[in-house]
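In: Here is a sequence with its predicted model. Questions after.
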Amino acid sequence: MKYKAQDIIASGEWTYGPAWPVVGLDIGSRGSKGVLLVNDEVFTAFIPTGLYMQETADELLRRLLEETGLQRSDTAFIVGTGYGRISLKYDDIPYQVVTEISCHAMGAHAVLPGTRTIIDIGGQDSKAIKIDPRTGKVVEFVMNDKCAAGTGRFLEKAAVLLGIELDELGPIALESKDPAPVSSQCVVFAESEMISLRARGERNNDLEARANIAAGVHLSAARRVNNLLGRIGIEPGLAFTGGVSNNPGMWQVLETLLKSKFQVPGIDLIYAGALGAAVYAGRHAAASPKIAAKYHARPFVREKTAAAGPIAANASEVEFDNSLAC
């Protein structure tokens, strides 16, 4: 999908578009996202994460280039992030990896400049991140990656147990008037609770049981996320990123629990990590004398893409924000 940069930011001017195309690739545990930035244009792509991370990343890059009409040789820099970032390697394009925490922070900051607190819920972990609104850099974070409770995987399991598609779970939860008690902090025990609640509802011909269980699942997951926020605090300027940010049930229950509204940008914040990676790619390209010399000597014109010689890639992981690692 193509966006005009000024249309996706909440306030201020867009200052993140480099003169030459750069790409951010967020290889998640369940879904993978790509963002290509050039000048005032933002292009996005999404695909399910495959078995092989490099193939997934290559397909994202192919789709982004196809949509823009560019060639691989037009790409000035790539930054990879997310679950599968350490598996990626490019020999023909300059490349670095940056932690997903830093990239989600920068991506949210780029489109929501007032952001101070981020909730990021992905397929296998959830994070609470505090950032500096002046720079988009991470100040503090806490992460749940040891248990599936409070993650997208927990919601996927709940959808399966309720016999519905994952994208139906949130809307069905919004129909509930009396959320069922799903109190277990362990996913294994929560599954047992859900099975018992569903069986009871079917025995009693309770037509609202499914919605109430779905709502209870969302409330249970939201409480786990709230516990993370309790460790770093909440400051005004709240953003919700990651794949679960598309779930309206989770969006509503978190706003109710936190007594705070999420900011809404003009772009889906499942792309926050990839967007932040692309911003870092632009900065890294601009800081490289070799890359700058190459592209100053050959100004970018989309209609005419001359072949370019390879630049040695450095695939070591780089952390830009306070040496944080995830």
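Out: All right, it came through fine.

In: What residues of the helix or strand residue 160 falls within count as buried?
Out: Using DSSP states H and E, residue 160 falls within helix 152-162. By 16 or more other CB atoms under 10 Å, the buried positions in helix 152-162 come out as 152-155, 157-159, 161-162. In this view, the C-beta of every residue, glycine as well, is placed from N, C-alpha and C.

In: Stretch 267-275: which residues count as buried?
Out: 267, 269-275.

In: Any chance of CSV for these, columns distance to residue 140?
Out: Shown next, in CSV, are the buried residues of stretch 267-275 (distance: CB to CB, whole Å):
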residue, distance to residue 140
267, 25
269, 20
270, 23
271, 24
272, 18
273, 18
274, 23
275, 22
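
In: for the residues you listed, which one is nearest residue 44?
Out: residue 271 (5.3 Å; CB to CB).

In: Over to that closest one. Which of the three states is it?
Out: helix (DSSP: H, G, I helix; E, B strand; the rest coil).

In: quick one, what contacts it?
Out: Neighbouring residues of residue 271 by CB atoms under 8 Å, 6 or more residues apart in numbering: 26, 33, 35, 44, 46, 107.

In: Quickly check these for the two that are furthest apart.
Out: 46 and 107 (14.3 Å).

In: which residues touch the residue most central in space within the chain?
Out: Averaging the C-alpha coordinates of the chain gives a centre point, and the residue nearest to it by CA atoms, centre = their mean is residue 242 (3.5 Å). If you count contacts by CB under 8 Å, 6+ apart, residue 242 has them with 104, 119-122, 126, 152, 269-270, 272-273.

In: Can you pull out the residues in contact with stretch 49-61?
Out: 23, 25, 27-34, 45, 47, 72, 75, 78, 80, 83-84, 87-89.

In: let's see it at 7 Å
Out: Stretch 49-61 has contacts (CB atoms under 7 Å, 6 or more residues apart in numbering) with 23, 25, 27-32, 34, 45, 47, 80, 84, 87-89.

In: With stretch 216-232 instead?
Out: 119, 121, 126, 128, 130, 140-142, 144, 149-150, 154-155, 158, 173, 179-183, 190, 194, 249-250, 253-254, 257-258.

In: just checking, which of those belong to helices?
Out: Counted as lying in helices by DSSP state H, out of the contacts of stretch 216-232, are 154-155, 158, 173, 190, 194, 249-250, 253-254, 257-258.

In: how about stretch 251-259 as PDB, C-alpha atoms only?
Out: This file holds the C-alpha atoms of stretch 251-259, laid out as PDB (Å, rounded to 0.1, in the frame of the first residue of the first chain):
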ATOM      1  CA  TRP A 251      -8.000  -2.100  22.000                       C
ATOM      2  CA  GLN A 252     -11.200  -1.400  23.900                       C
ATOM      3  CA  VAL A 253     -10.400  -3.500  27.000                       C
ATOM      4  CA  LEU A 254      -6.900  -1.900  27.300                       C
ATOM      5  CA  GLU A 255      -8.300   1.600  27.100                       C
ATOM      6  CA  THR A 256     -10.900   0.800  29.700                       C
ATOM      7  CA  LEU A 257      -8.400  -0.900  32.000                       C
ATOM      8  CA  LEU A 258      -5.800   1.900  31.600                       C
ATOM      9  CA  LYS A 259      -8.300   4.700  31.600                       C
END
